[in-house]
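>>> compute the structure for the input listed below.
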Amino acid sequence: MTWISVVALASLLAWVWLTLCQGFFWRTDQRLPERRPPKVWPEVAVVVPARDEAEVLERSLGSLLAQKYPGRARVILVDDNSTDGTGDLARSLAPGAGGPRGEGGEGAATGLELLVTTPGGEPPAGWTGKLWALRHGVQLAEETGAPEYLLLTDADIAHGPDSLAELVAAAETNGLDMVSQMAHLRTETRWEKLIVPAFVYFFAQLYPFRWSNRPGSRTAAAAGGCSLVRRSALERAGGVAAIRGAVIDDVSLARLIKRDGGRTWLGLADAVDSVRPYPRLGQLWRMVSRSAYAQLRHSVLLLAGTVLGLALVYLVPPAAAVAGLATGLAGAGGAGAWWTFGLGLAAWAVMAGTFTPMLRYYRLPVAGAVLLPFTAGMYLLMTVDSAVQHWRGQGAAWKGRTYP
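Numbers count the residues shown, from 1 in each chain. Here you go, the predicted model:
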């Protein structure tokens with residue numbers, strides 16, 4: 001066997017291990033657990049941080065105001081120094097305002113209470129803008145009521161009419177302190193179809209949902225777009241202030257609650273959708289690169305290991321298959337060329353097979369699974385670019401703010 005055959009074998013063994021021993025990350029069956037309606041529906045406050053979200057707010061906020069929740073629930077939108085009229089648009093959607101209706105002809109007409117507030121100035125040093133806004137919203141929720149749960153959701157997330165009730169029922173039935181759903185991201189453009197399913201697939205590979213949902217497991221993760229949190233658990237863990245500088249705030253919050261003894265759950269959503277469009281590659285690139293190096297804790301060693309790991313696992317299989325086939329057909333390399341081809345092709349096939357369930361979840365052609373190495377190569381470049389931007393002092397830039 002040649003050296004490239006050995007590398008191809010290492011890649012195949014890595015894929016066998018990932019498939020069988022990494023929490024079955026590739027399966028898409030982690031959905032909301034068993035749930036029963038509680039005897040008394042607890043009070044809930046929905047907190048929505050929003051900065052320049054006028055483009056998507058009508059659909060997302062309208063869907064929250066249209067919630068069919070049997071108990072008391074109110075929505076608190078925190079307008080984080082927007083310059084596009086986000087706050088005014090939100091007020092026009094409030095019950096009785098006579099503004100546009102939410103999804104399905106519902107929306108403000110359903111009468112859910114809406115409070116629109118501002119955090120008052122820019123975030124203090126050490127705080128990210130989103131978490132500063134969240135803290136303000138949580139504080140207002142406590143001052144204006146006694147919610148047992150807080151639904152922390154982004155301004156670009158639209159919820160089905162029963163979303164809040166389903167989340168609360170799941171938490172109450174299973175004694176969970178945090179129930180989080182990975183929103184169904186938009187896949188309408190060519191670039192979205194290529195990048196988005198892989199984004200969720202890589203996230204699940206890094207944080208296997210089964211491991212995260214297992215009490216006592218060291219793995220903890222959440223999806224910031226939709227996280228129902230028990231207020232008492234958040235307070236015990238130190239509140240939003242305990243993660244005030246976190247760029248990847250959802251995972252940080254899940255770790256905080258789980259480390260304090262709370263029970264967390266994460267799965268894929270069926271009725272929670274991201275409505276933010278990413279029609280161009282540059283927008284998707286920034287979405288990934290702004291936090292990729294933070295995920296690696298700004299470590300050069302972790303960056304180098306990640307690049308080598310991505311290359312071995314995702315790039316070697318197609319390279320080995322193509323090189324082995326070309327060499328074998330040319331009559332050079334002997335049996336070693338065909339060994340290289342076979343090992344590379346086998347690793348590529350296992351890779352594509354594990355990606356297929358995610359494509360089915362997004363209702364995309366499964367034939368696209370063979371393109372995963374190309375997409376992974378793009379993610380490798382995004383990760384390197386994230387480090388470069390950090391070294392230039394431009395890392396974690398989002399909506400006019402850059403965080404150290």
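
>>> count of residues packed around the closest residue to residue 191 other than its chain neighbours?
The shortest distance from residue 191 to any non-neighbouring residue, by CB to CB, 6 or more residues apart in numbering, is to residue 281 (4.9 Å). In this view, the C-beta of every residue, glycine as well, is placed from N, C-alpha and C. For residue 281, the count of nearby residues is 15 (other CB atoms under 10 Å).

>>> repeat that for residue 124.
By other CB under 10 Å, the burial measure for residue 124, its neighbour count, is 8.

>>> so it sits in a strand?
No: counting by DSSP: H, G, I helix; E, B strand; the rest coil, residue 124 is not found in a strand; it is coil.

>>> check contacts around it.
By CB atoms under 8 Å, 6 or more residues apart in numbering, residue 124 lies in contact with residue 132.

>>> same thing but 10 Å
132, 244 (CB atoms under 10 Å, 6 or more residues apart in numbering).

>>> what of residue 171?
Residue 171 neighbours (CB under 10 Å, 6+ apart): 32-33, 35, 38, 42, 148-149, 177-179, 228-230, 263, 265.

>>> please pull out the lowest mean pLDDT helix or strand from the protein.
Least confident element among the helices and strands of the chain, by mean pLDDT, DSSP states H and E: strand 397-398 (a mean of 68).

>>> per-domain residue ranges of this protein.
3-24+296-402, 44-278 (automatic domain parsing).

>>> closest one to residue 288 among those domains?
Across those, residue 288 has its closest neighbour in domain 3-24+296-402 (4.5 Å, CB to CB).

>>> follow-up on the earlier one: doesn't residue 289 make contact with the residue nearest to residue 191?
No: Residue 281 lies out of contact with residue 289 (CB atoms under 10 Å); the separation is 11.6 Å.

>>> and the helices in this protein?
Listed in chain order, the helices of the chain (DSSP state H) span 3-21, 54-65, 86-92, 129-143, 163-174, 190-206, 209-213, 231-236, 249-259, 281-295, 300-310, 316-329, 334-361, 372-391.

>>> which of these comes out lowest on mean pLDDT?
Lowest mean pLDDT within these: helix 281-295, a mean of 91.

>>> and it, what does it pack onto?
Packing partners of helix 281-295 (3 or more CB pairs under 10 Å, 6 or more residues apart in numbering; DSSP states H and E): helix 190-206, helix 249-259, helix 300-310, helix 372-391, strand 397-398.

>>> by how many degrees do that helix and helix 300-310 diverge?
With axes from the mean of the first three to the mean of the last three CA atoms, to 10 degrees defining the directions, helix 281-295 sits at 120 degrees from helix 300-310.

>>> give me the angle between helix 281-295 and helix 249-259.
With the same axes, to 10 degrees defining the directions, helix 281-295 sits at 30 degrees from helix 249-259.

>>> if we can go back for a sec, now tabulate the helices and strands packed on helix 281-295 in JSON lines and tack on distance to residue 8.
Output for the helices and strands packed on helix 281-295, formatted as JSON lines (distance: least, CB to CB, whole Å):
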{"stretch": "helix 190-206", "distance to residue 8": "20"}
{"stretch": "helix 249-259", "distance to residue 8": "33"}
{"stretch": "helix 300-310", "distance to residue 8": "15"}
{"stretch": "helix 372-391", "distance to residue 8": "13"}
{"stretch": "strand 397-398", "distance to residue 8": "39"}
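
>>> nearest to residue 129, of those?
When those are compared (using CB to CB), the closest one is strand 397-398, at 7.7 Å.

>>> now residue 139: how far from residue 119?
The gap separating residue 139 from residue 119 is 10 Å, by CB to CB, to the nearest Å.
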